[in-house]
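**Student:** with the input below, show me the fold.
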Amino acid sequence: QVQLVESGGGLVQPGGSLRLSCAASGLSFDNYAIGWFRQAPGKEREYVSCFSSSEGSTYYADVVKGRFTMSRDNARNTMYLQMNSLNPEDTAVYYCATRLPGYYFCSGYGSDYNYWGQGTQVSVSS
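**Tutor:** Residues are numbered from 1 along each chain as shown. Below you'll find the predicted structure:
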């Protein structure tokens with residue numbers, strides 16, 4: 001059974017940084033596409049980034065490109081999202097998600113992901 005648990009959210013001032021973690025069980029990062037999404041109050045869920053195990057590549061939404069970086073620790077089976085230069089528009093609940101095994105390629109559509117964590121709140125405010 002796949003389980004994803006996010007952590008690392010919090011309140012940060014504009015220009016600050018946070019690192020989110022997504023601890024996974026029941027899967028190996030070598031066989032999955034792992035994505036990060038976010039949802040702000042009153043807004044649609046938004047794609048943030050994705051790691052494709054088949055390509056060994058990471059993709060980012062334009063709105064976070066150059067500021068956010070995905071990384072992973074295979075020994076801990078944990079995926080990270082380093083977020084720098086945060087601004088108030090980054091305030092949202094952040095979720096990690098995976099596609100089904102065998103679907104190794106990234107997708108920007110949340111409906112293509114089958115397993116989701118509970119989310120972690122990120123608030124950017126002075």
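**Student:** quick one, phi psi at Gly110?
**Tutor:** Here is the backbone geometry of Gly110 (degrees, to the nearest 10): phi -60, psi -30.
**Student:** burial measure for the nearest residue to it once chain neighbours are set aside, as a count.
**Tutor:** Closest residue to Gly110 apart from its sequence neighbours, by C-beta to C-beta, 6 or more residues apart in numbering: Arg45 at 5.1 Å. The way it works is simple: take the backbone N, C-alpha and C, and place the C-beta from them, glycine included. Arg45 is flanked by 16 other residues according to other C-beta atoms under 10 Å.
**Student:** I figured Arg45 hits Gln39, correct?
**Tutor:** Yes: look at Arg45 against Gln39 with C-beta atoms under 8 Å: they come within range, at 4.5 Å.
**Student:** quick one: common contacting residues for these two?
**Tutor:** Counting by C-beta atoms under 8 Å, 6 or more residues apart in numbering, the contacts common to Arg45 and Gln39 are Tyr95.
**Student:** and the strands in the protein?
**Tutor:** Taking DSSP state E as the criterion, the chain contains strands spanning 3-7, 10-12, 18-25, 33-39, 46-52, 57-60, 68-73, 78-83, 92-98, 115-116, 120-124.
**Student:** any chance of those in CSV, plus distance to Ser107, mean pLDDT and mean neighbour count?
**Tutor:** Formatted as CSV, the strands of the chain follow (distance: least, C-beta to C-beta, whole Å; pLDDT from 0 to 100; neighbours: other C-beta atoms under 10 Å):
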stretch, distance to Ser107, mean pLDDT, mean neighbour count
strand 3-7, 16, 96, 17
strand 10-12, 28, 98, 14
strand 18-25, 17, 96, 19
strand 33-39, 7, 96, 24
strand 46-52, 7, 96, 22
strand 57-60, 10, 96, 16
strand 68-73, 15, 94, 16
strand 78-83, 16, 96, 20
strand 92-98, 10, 97, 24
strand 115-116, 14, 96, 17
strand 120-124, 22, 98, 18
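**Student:** so which of these gets nearest Tyr109?
**Tutor:** Tyr109 lies closest, by C-beta to C-beta, to one member of these: strand 46-52, at 7.4 Å.
**Student:** and that closest one, what other elements does it pack with?
**Tutor:** When contacts are defined as 3 or more C-beta pairs under 8 Å, 6 or more residues apart in numbering; DSSP states H and E, strand 46-52 packs onto strand 33-39, strand 57-60, strand 68-73, strand 78-83.
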